[in-house]
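J.: With the input below, show me the fold.
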Amino acid sequence: MKRKRTEYRVSLSQQVGGKDAWGTEFGAQTYGRINVDLLSVGQGTLVLIDYDGLERSDVSFQREAVVESLRKHRPRLLFVALNLVDPDVQENLSLALERRGEWLLARREDHQPSVIGKRLTPEQQTTLERVWAGGELVSSDFGEDNVKLSTASSRLAWLWKAGLIERVEGTAATGGREHRYYPIG
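T.: Reported below is the predicted structural model:
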């Protein structure tokens, strides 16, 4: 089940005023502008980081402008990179994410998500793929795979905190608290 959610687009080429984005200082200035905008965006909003028109960028700009924005606003906001087609720009973003121990979903041209940044463990990757395939999951859905409820809950919570899935709180049939998890890519 694909969830409908509010979207907010951050055009990096508009934020930087052109097609080039270099350096720590310029990245920090851009972060300041992005941060002010994101402070007014409601919880659960899908923030689309749009790379359209950005042709060149280094690791330090990506680290300061994009990665720090993710770190500041996750898990309140959901982030996906769009139009990340230049292999050098993508590699520099991936390196910036990896150095900060972060991840980001990137929507490919076929609209399928991929994870860039720090490498996921096989268990994390399998759990993420299960959420992507299922569309909506709760921890107890993993019982049929002989995964303990506590293990499934921990894996799902970790993916949510990493910004790779969405979590919505609800109530279980037993009256207890139950989180539902959804793909965001």
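
J.: partner strands of the helix or strand bottoming out on mean pLDDT in the chain, parallel or antiparallel?
T.: The weakest-scoring helix or strand in the chain, judged by mean pLDDT, DSSP states H and E, is strand 165-171 (a mean of 86). Using DSSP bridges, the strands paired with strand 165-171 are strand 177-183 (antiparallel).

J.: for the protein, longest helix please?
T.: Taking DSSP state H as the criterion, the chain has its longest helix at helix 24-39.

J.: list the buried ones in it?
T.: F26, G27, Q29, T30, Y31, I34, L38 (16 or more other C-beta atoms under 10 Å). Using the backbone N, CA and C atoms, a C-beta is placed for each residue, glycine as well.

J.: Which residues does D20 form beta bridges with?
T.: R56.

J.: I'd assumed V10 was in contact with L46.
T.: No: look at L46 against V10 with C-beta atoms under 8 Å: they stay out of range, at 11.2 Å.

J.: Between the two, which is the more surrounded one?
T.: V10 (23 against 19; other C-beta atoms under 10 Å).

J.: now this structure, which segments are flagged as low pLDDT?
T.: 1-3, 143-145, 185 (pLDDT under 70).

J.: how about a cut-off of 90?
T.: Applying pLDDT under 90 to the chain flags the ranges 1-5, 107-113, 133-153, 169-179, 184-185.

J.: just the strands in it please.
T.: Ranges of strands within the chain are 7-11, 20-21, 46-50, 56-57, 78-82, 103-107, 113-117, 165-171, 177-183, based on DSSP state E.

J.: For the second one, name the packing helices and strands.
T.: In terms of contact count using 3 or more C-beta pairs under 8 Å, 6 or more residues apart in numbering; DSSP states H and E, strand 20-21 is assigned the packing partners strand 56-57.

J.: Also the fifth one?
T.: In terms of contact count using 3+ C-beta pairs under 8 Å, 6+ apart, strand 78-82 is assigned the packing partners strand 46-50, helix 68-73, strand 103-107.

J.: Same list (the ones you listed) but as a markdown table, adding distance to S153.
T.: Listed next are those as a markdown table, based on distance: least, C-beta to C-beta, whole Å:
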| stretch | distance to S153 |
| --- | --- |
| strand 46-50 | 24 |
| helix 68-73 | 24 |
| strand 103-107 | 20 |
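
J.: quick one: R5 from L77, how far?
T.: 10 Å (C-beta to C-beta, to the nearest Å).
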